[in-house]
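Chemist: Build me a model:
(chains A, B, C and D)
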There are 2 protein chains.
Amino acid sequence: MVSAGYDELVETRELRYFVAVAEELHFGRAAQRLTMAQPPLSRAIQQLERRLGVVLLHRTARAIALTDAGSVLLREARTALDAVEAAERRTRRAAADQPGVVLAAKAGASRELLSKLLDAYAAEPGAVAVEVMLCGPGEPENLLHKGRADVALLHRPYDTTAGFDSEDLHTEQQVAVLPAGHPLANRANVSLAEVNALTDLPLPRWPGRDGSYPDGPGPQVRDHTQLFQLIALGLACAVVPESLRNQLSDDHAIVPMPDAPTVTTVIAWPPHSKSKAVAKLVRTATRL
Amino acid sequence: MVSAGYDELVETRELRYFVAVAEELHFGRAAQRLTMAQPPLSRAIQQLERRLGVVLLHRTARAIALTDAGSVLLREARTALDAVEAAERRTRRAAADQPGVVLAAKAGASRELLSKLLDAYAAEPGAVAVEVMLCGPGEPENLLHKGRADVALLHRPYDTTAGFDSEDLHTEQQVAVLPAGHPLANRANVSLAEVNALTDLPLPRWPGRDGSYPDGPGPQVRDHTQLFQLIALGLACAVVPESLRNQLSDDHAIVPMPDAPTVTTVIAWPPHSKSKAVAKLVRTATRL
DNA sequence: CACGACCAATACCCTCGCGGTATCGCTGCC
DNA sequence: GGCAGCGATACCGCGAGGGTATTGGTCGTG
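Modeler: From the prediction side, this is the model:
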């Protein structure tokens, strides 16, 4: 006999509807996002609750809120929908006649390592085309989950490798980046506490997974180019891996930070990947 | 703005249908398994292929076979369906008024560690009920993937922790288990090669993930009780972690195997688990 | 306190997607 | 050449799922 049957599972449509409602917390807006009318959406959610035998939303006629079970479903439904999307994408890519590999990496990070990796891999016998997908912070995990990428370069502890297979490639110290001429610029080293205490030079705010920025005093940044420009203008400071130093200019000063957590560059891929090309890329990376 | 929309995703129904066909390689039998007629199933698969723009099956009017893209989809669809099933189960369990934790472990393995863990956890303040789910080899990963369990005890390298978060708990040597009185029984130690060479005492065959047994000379076994009985009867030998020695009787002989791979017991849980109870259980386990 | 704005739920209708039965067409095998 | 096996096609009927109109309940507000 073969593997156990999947009977009477929830449909992806229902999960999509629920995610929309749970994110908007508003049937009308959710329906708009789904390009449908509000009543059928209300009914679909009710039906989902009936089928699961679980109350997912607290309705107060004025607003709705997630129940505990509802927030569990929100999280689980997102990963399930990601898995479905990944199945679709990977199948399409497997059928393409030119089976390249998509590598996701944050724009600006690990630039040198990335170029060395690409060169080394290209020199391997039987190497296939590698499409590099540069993206914002927090993105690569998502791309991997959704099957838009086959491998990714991540940076612990900034990124999370949970749910992937991975190999550590490189570990490095972090340094403070300050405007040239700043009082601290000539110090042999600074501590985390000192940098946090610089109210005149706030740390920047990076977008979260959902694209929104946390509250705080610092400027909003999307990538390191922006960040370094703001620092050069004397509007911010930052704590970054030291390998970024070759992207800096004379307007910047660098100070080692012995007590900042080290950053590890890892190469990660979805578990159970059977791609020979990914395996070879990983092997090449670990040998650098 | 919130996370990107999931537009026009494949429905779980279509994935279920495809998995059935891909596993049976026969539309008639697959339809039977799905309790439906064959024609709508054929059409559904055609429609899936059209929507994906990918040929999934080679049809030769006499038999069908998976294309490369088809086998990719088979693998990906299984994990996607597992994720959907997990979403459903975890949501239901989150809504239950008595939120226990389900711990999966292979029957007979790590018996002592398991009982110590349960005792230690039960003594913790705020401990919830732990339901232990004893299962066959290869099962625990599946139970975690499908949301039937919240944590599991696994044994590398027999089990794979790919796709989970995990903590190592204990590493041990393996030993050969032979019938008492066997020529090798009094040796100080034996090698893997020697055990493999015992044609009169074959190694047993364990069921694979799909429940079928590989070909070979050895007897088919489902658990360690069966196995040890067969060994006592002089019908087999085995290589097992040494912590199983207290489940043996006078009819068995144990010989250390220095060159067999060590076995590591790990506690594993689905990534991004937010269960406080699981976290506490893991913490308790690592402190044993 | 009454009126209006807002929002989810209900009522009702209609379309088309999905499943069922009957049949065809192809292929390999006695 | 005839038959058996299997997937594809043709056609039909039903009901799930979506649309419009409306209700009902709950806040703000003058």
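Chemist: And the pLDDT at the residue in the stretch 51-200 of chain A positioned nearest to DNA strand D?
Modeler: Residue of the stretch 51-200 of chain A nearest DNA strand D, by C-beta to the nearest atom of the strand: A:Ala61 (3.9 Å). Yep, even glycine has a C-beta here, placed from its N, CA and C like the rest. Per-residue pLDDT puts A:Ala61 at 73.
Chemist: mind checking how far it is from A:Phe27?
Modeler: From A:Ala61 over to A:Phe27 the distance is 12 Å, taken as C-beta to C-beta, to the nearest Å.
Chemist: Those two: which has the busier surroundings?
Modeler: A:Phe27 (19 against 5; other C-beta atoms under 10 Å in any protein chain shown).
Chemist: all strands of chain A, in order?
Modeler: Applying DSSP state E to chain A gives strands spanning A:57-59, A:64-66, A:101-106, A:130-135, A:151-156, A:165-172, A:174-179, A:238-241, A:252-256, A:263-269.
Chemist: For the stretch 51-200 of chain A, which residues are neighbours of DNA strand C?
Modeler: A:59, A:61-64 (C-beta under 7 Å from any atom of the strand).
Chemist: let's see 10 Å
Modeler: Proximity of the stretch 51-200 of chain A to DNA strand C (C-beta under 10 Å from any atom of the strand) is limited to residues A:57-64.
Chemist: Grab the nearest non-local neighbour of the spatially most central residue of chain A.
Modeler: What sits nearest the mean C-alpha location of chain A, by C-alpha atoms, centre = their mean, is A:Gly138, with 2.4 Å. Excluding the flanking residues, the one nearest A:Gly138 by C-beta to C-beta, 6 or more residues apart in numbering or on different chains is A:Arg209, at 5.2 Å.
Chemist: unless I'm mixing things up, that neighbour is touching A:Pro140, no?
Modeler: No. Assessed by C-beta atoms under 8 Å, A:Arg209 is found out of contact with A:Pro140, at 11.5 Å.
Chemist: Tell me which of the two has more neighbours.
Modeler: A:Pro140 (26 against 11).
Chemist: pLDDT score for the spatially closest residue to A:Gln173 that is not a sequence neighbour?
Modeler: Closest residue in space to A:Gln173, ignoring its immediate chain neighbours: A:Glu242 at 5.4 Å, by C-beta to C-beta, 6+ apart. The model reports A:Glu242 with a pLDDT of 92.
Chemist: what's the answer for A:Leu81, then?
Modeler: pLDDT for A:Leu81: 98.
Chemist: Tell me who's in contact with it.
Modeler: Applying C-beta atoms under 8 Å, 6 or more residues apart in numbering or on different chains to A:Leu81 gives the contacts A:12, A:15-16, A:19, B:6, B:9.
Chemist: which among those residues gets closest to DNA strand D?
Modeler: Proximity of the contacts of A:Leu81 to DNA strand D (C-beta to the nearest atom of the strand) peaks at A:Arg16, which lies at 9.4 Å.
Chemist: So what's the residue count around that closest one?
Modeler: When neighbours are counted by other C-beta under 10 Å, A:Arg16 registers 21.
Chemist: That one and B:Glu11 touch, don't they?
Modeler: No. A:Arg16 is beyond contact range of B:Glu11, at 10.1 Å (criterion: C-beta under 8 Å).
Chemist: rewinding a little: can you put the strands of chain A in a markdown table and add mean neighbour count and distance to A:Ile231?
Modeler: Formatted as a markdown table, the strands of chain A follow (neighbours: other C-beta atoms under 10 Å in any protein chain shown; distance: least, C-beta to C-beta, whole Å):
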| stretch | mean neighbour count | distance to A:Ile231 |
| --- | --- | --- |
| strand A:57-59 | 14 | 45 |
| strand A:64-66 | 16 | 40 |
| strand A:101-106 | 23 | 18 |
| strand A:130-135 | 15 | 21 |
| strand A:151-156 | 23 | 19 |
| strand A:165-172 | 16 | 19 |
| strand A:174-179 | 23 | 5 |
| strand A:238-241 | 21 | 6 |
| strand A:252-256 | 18 | 6 |
| strand A:263-269 | 23 | 18 |
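Chemist: so where do the helices sit in the stretch 1-150 of chain A?
Modeler: Counting by DSSP state H, counting those that start in this stretch, the stretch 1-150 of chain A has these helices, from start to end: A:12-24, A:27-33, A:38-52, A:68-95, A:111-123, A:139-145.
Chemist: looking at those, which is closest to A:Asn246?
Modeler: With C-beta to C-beta as the criterion, A:Asn246 lies closest to helix A:111-123 of the helices of the stretch 1-150 of chain A, at 7.3 Å.
Chemist: I'd like to know the average pLDDT value across the closest one.
Modeler: pLDDT averaged over helix A:111-123 gives 95.
Chemist: OK, contacts around A:Ser166?
Modeler: Residues near A:Ser166 by C-beta under 8 Å, 6+ apart: A:154, A:266-269.
Chemist: Give me the pLDDT value at it.
Modeler: Predicted confidence (pLDDT) for A:Ser166: 95.
Chemist: repeat for A:Ser3
Modeler: 56.
Chemist: Equivalent analysis for the one 3 residues further on, please.
Modeler: Note for A:Tyr6: predicted pLDDT of 82.
Chemist: Repeat that for the one 3 residues further on.
Modeler: At A:Leu9, the predicted lDDT confidence score is 94.
Chemist: Please consider this matter closed, and thank you.
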